[in-house]
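A.B. asks: The sequence and its predicted three-dimensional model are supplied below.
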There are 2 protein chains.
Amino acid sequence: MSDTPKDDVSEDTAADRFLQQFTGYRIKRALLVVHEDMTETLVPLGLRVGTFAPLAVVAANPGISQTKLSDVLKIKRSGVVAVVDELERIGAIERKPVAGDRRTNALFMTTAGGRLWQQAEAAIQAHEDRLFTDLTDEDNDQIRDLLSRVILRAERAKE
Amino acid sequence: MSDTPKDDVSEDTAADRFLQQFTGYRIKRALLVVHEDMTETLVPLGLRVGTFAPLAVVAANPGISQTKLSDVLKIKRSGVVAVVDELERIGAIERKPVAGDRRTNALFMTTAGGRLWQQAEAAIQAHEDRLFTDLTDEDNDQIRDLLSRVILRAERAKE
DNA sequence: GTTCAATTGTTCATTGACATAACAATTCGG
DNA sequence: CCGAATTGTTATGTCAATGAACAATTGAAC
């Protein structure tokens, strides 16, 4: 990546600056780099960006159902199946039957899954510290607060 | 969307808050809602989120090559082909041969494309104003500055 | 109680937005 | 001039997510 031809740097950055006048584009680019670094962080643990969040939710909500999980993650039930399959296949969580309702699966972390989650959480924390190290704690609070307000604002507008 | 079953609001928002402790997840959620609103904004004009940025770059850089466009957009040349195909098919831009190099395409906006771009830019500006209306101008400057620093930081770290 | 509607998890086909690899045509460098 | 590099292109795959249909099960009306 260090050998990128930069015969035209000024024009490149000018075009880049032009595009970044749009906040939406800026968010996309930010997500791109964060996603990439997060992938590198999780792969050694056998996780992906798409399995980290589900694992986090199950860790914090033992016995949660798949439908509930789909609500929290804002993805469809059909999408949850694949993710839960994967996490079960690597032995991190397991589906258990629920007493009063034979339709529902209750999701629990295994003990191995608990260890995995500990590692993953620490690794992601380090990843965020590393990625956002230029930012002060104040900056971090700000960016998170501002993003939250964007999310809330937009979701309220959808109703 | 207004009839979402909310029998369990407190737990939902708790789980949500838990997930949003991760800035990466927050960015993803923010992008999700922004992307959705942006789509609704662009579809009436015959554009998509994925064609807006290329159109913007061609508008600001008449005669740009596809390879150059792929650099600016941070996508591969093969991906540019489909996007340019689409923009050419709807009559917004056109490929023109370059004098000294028969390999290269120079991309230009058509006059219809110019009108389209004017509308699209105004529409997206309105979309951002609407979506970020809760935020002060200061907030907006901050969020954009912070995202930029995240992007720069991460891209520098990749080298 | 029975029956009809709703819920849960699942499968399958599809989409969107990319990436990778190979390729022909063309241009460039020594 | 010839081999290396560049440009656009095609074909193929991947990743994340969606939508539609489905069987099993549960809930509600009455």
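C.D. replies: Cool, got the structure.
A.B. asks: List phi and psi for the closest residue to residue A:109 other than its chain neighbours.
C.D. replies: Closest residue in space to residue A:109, ignoring its immediate chain neighbours: residue A:93 at 5.3 Å, by CB to CB, 6 or more residues apart in numbering or on different chains. In this view, the C-beta of every residue, glycine as well, is placed from N, C-alpha and C. For residue A:93, the backbone dihedrals (degrees, to the nearest 10) come out as phi -130, psi 170.
A.B. asks: count of neighbours near residue A:93?
C.D. replies: For residue A:93, the tally of surrounding residues (other CB atoms under 10 Å in any protein chain shown) stands at 27.
A.B. asks: My guess is it contacts residue A:87. True?
C.D. replies: Yes - when contacts are counted by CB atoms under 8 Å, residue A:93 is listed as touching residue A:87 (4.6 Å).
A.B. asks: May I see the buried residues of stretch A:107-123?
C.D. replies: Buried residues in stretch A:107-123, counted by 16 or more other CB atoms under 10 Å in any protein chain shown: A:107, A:108, A:109, A:113, A:116, A:117, A:120, A:121, A:123.
A.B. asks: Of the residues you listed, just say which sits nearest to chain B.
C.D. replies: Nearest to chain B, judged by CB to the nearest CB, of those is residue A:121 at 9.2 Å.
A.B. asks: Now do the same contact list for that closest one.
C.D. replies: Counting by CB atoms under 8 Å, 6 or more residues apart in numbering or on different chains, residue A:121 touches residue A:56.
A.B. asks: Could you report the distance from it to DNA strand D?
C.D. replies: Per CB to the nearest atom of the strand, to the nearest Å, residue A:121 is found 18 Å from DNA strand D.
A.B. asks: before we move on, what about residue A:147?
C.D. replies: Where DNA strand D is concerned, residue A:147 sits at a distance of 16 Å (CB to the nearest atom of the strand).
A.B. asks: Could you report the neighbour count for that residue?
C.D. replies: The number of residues packed near residue A:147 is 24, by other CB under 10 Å.
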